[in-house]
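1. I need the structure of the sequence given here:
(one chain, ligands or ions: 3)
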Amino acid sequence: MRIFVADHPLVAHKLTALRDERTDSPTFRQLADELVTLLAYEATRDVRTEPFTVRTPVAEATGVKLATPKPLVVPILRAGLGMLEGMMRLLPTAEVGFLGMVRDENTLTASTYAQRLPDDLSGRQCYVLDPMLATGGTLGAAANFLIERGADHITAICLLAAPEGVARLEQDLADTSVPVTVVTAAMDERLNEKGYIVPGLGDAGDRLYGVVD
Ligand SMILES: O=P(O)(O)OC[C@H]1O[C@H](OP(=O)(O)OP(=O)(O)O)[C@H](O)[C@@H]1O
Ligand SMILES: O=c1cc[nH]c(=O)[nH]1
Ligand SMILES: [Mg+2]
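-> Ligands and ions are numbered 1, 2, ... in the order given. Predicted coordinates for the structure are as follows:
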């Protein structure tokens, strides 16, 4: 597994504002959207392309276009939905599949409550959107689910990651030969006793969409 921590002043600036507890929900959604687009630029460095030739008004130019099958973007509901538009801005022709997952606040175990994905992901590059890599349970389960369906290349975009989550993900993916990369805006210090990232930004889903319970 590969971890890429984006090192860019604009990423750091937007992330700081996102962390700020005074940031309201509309601003949080806007910042998350902008941050994802910056991260998506890094995350799509190895998106598959094929040669494509066009004619300019002057001459022929050899270039590339996105290869088929098109990449699949998979936001993990709920909070990953807040990252979708920012990702699709860079990959407008990608297809989108959905995974609904929730972490039990007491056991910190992730479970899947909804999925709408192609059955066969053979040969697909998948871009998973999940703002928080905390214990790693959610992302590990999501990645293994996609691999079972045939995905052969997975890149996860996370706004924040914790070292404990990265270690768990390494373990959960130990048996796969599918390349998995995590692109994140920052590697934070640790998890607290409730499984929240420290310093983190709080509950990403609640800050995007409000508290449910
Ligand atoms: O790494 P983990 O310990 O598994 O935690 C990370 C998950 O927790 C949050 O989702 P949550 O369960 O709060 O659902 P929500 O997006 O609906 O708020 C977050 O959006 C991640 O999906
Ligand atoms: O810090 C955290 C950990 C898990 N989920 C969140 O939304 N925030
Ligand atoms: Mg939540």
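2. pLDDT of stretch 171-186, averaged?
-> Average pLDDT, stretch 171-186: 97.
3. where does Ile157 land in three-state SS?
-> Assigned by DSSP: H, G, I helix; E, B strand; the rest coil, the conformation of Ile157 is strand.
4. secondary structure element for the residue of the chain positioned farthest from its centre?
-> Most distant residue from the mean C-alpha position of the chain: Val58, 40.3 Å away (Cα atoms, centre = their mean). Using DSSP states H and E, no element contains Val58; it sits outside every helix and strand.
5. now it: how far from ligand 2?
-> Separation of Val58 from ligand 2 (Cβ to the nearest ligand atom, to the nearest Å): 52 Å. Where you see a C-beta, it was placed from the backbone N, CA and C, and this is true even at glycine.
6. Provide a list of residues in contact with the residue in the chain that ligand 1 sits nearest to.
-> Nearest to ligand 1 in the chain, going by Cβ to the nearest ligand atom, is Gly205, at a distance of 2.2 Å. Shown in contact with Gly205 (Cβ atoms under 8 Å, 6 or more residues apart in numbering): Arg78, Ala79, Val212.
7. in this structure, which helix is the longest?
-> Counting residues, the longest helix found in the chain (DSSP state H) is helix 25-43.
8. CA atoms only for the next helix or strand after that one - export them in CSV, please.
-> Next along the chain after helix 25-43, taking DSSP H and E as the criterion, comes strand 49-55. In CSV, the C-alpha atoms belonging to strand 49-55 read as follows (Å, rounded to 0.1, in the frame of the first residue of the first chain):
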residue,chain,number,x,y,z
THR,A,49,-5.1,6.7,-20.7
GLU,A,50,-4.7,5.6,-24.3
PRO,A,51,-3.2,7.3,-27.3
PHE,A,52,-5.5,9.7,-29.2
THR,A,53,-4.7,11.8,-32.1
VAL,A,54,-6.6,15.1,-32.9
ARG,A,55,-6.2,17.6,-35.6
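9. so after strand 49-55, what's the next helix or strand?
-> Taking DSSP H and E as the definition, the helix or strand right after strand 49-55 is strand 60-66.
10. coming back round to it: could you name the helices and strands sitting against the longest helix of the chain?
-> Using 3 or more Cβ pairs under 8 Å, 6 or more residues apart in numbering; DSSP states H and E, the elements in contact with helix 25-43 are helix 9-19, helix 84-88, strand 125-129, strand 153-161, strand 180-187, helix 204-209.
11. ok, 7 Å please
-> helix 9-19, helix 84-88, strand 153-161, strand 180-187, helix 204-209 (3 or more Cβ pairs under 7 Å, 6 or more residues apart in numbering; DSSP states H and E).
12. hang on, the earlier thing: export the contacts of Gly205 to CSV and tack on secondary structure?
-> Formatted as CSV, the contacts of Gly205 follow (three-state DSSP):
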residue, secondary structure
Arg78, coil
Ala79, helix
Val212, coil
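13. give the PyMOL command for selecting the buried subset of the residues you listed.
-> Buried residues within these, by 16 or more other Cβ atoms under 10 Å, are selected in PyMOL with:
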select buried, resi 78+79
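14. what is the nearest of the contacts of Gly205 to Cys158?
-> When the contacts of Gly205 are compared for distance to Cys158 (Cβ to Cβ), Ala79 wins out at 10.4 Å.
15. list the contacts of the closest one.
-> Pro131, Met132, Ala204, Gly205, Leu208 (Cβ atoms under 7 Å, 6 or more residues apart in numbering).
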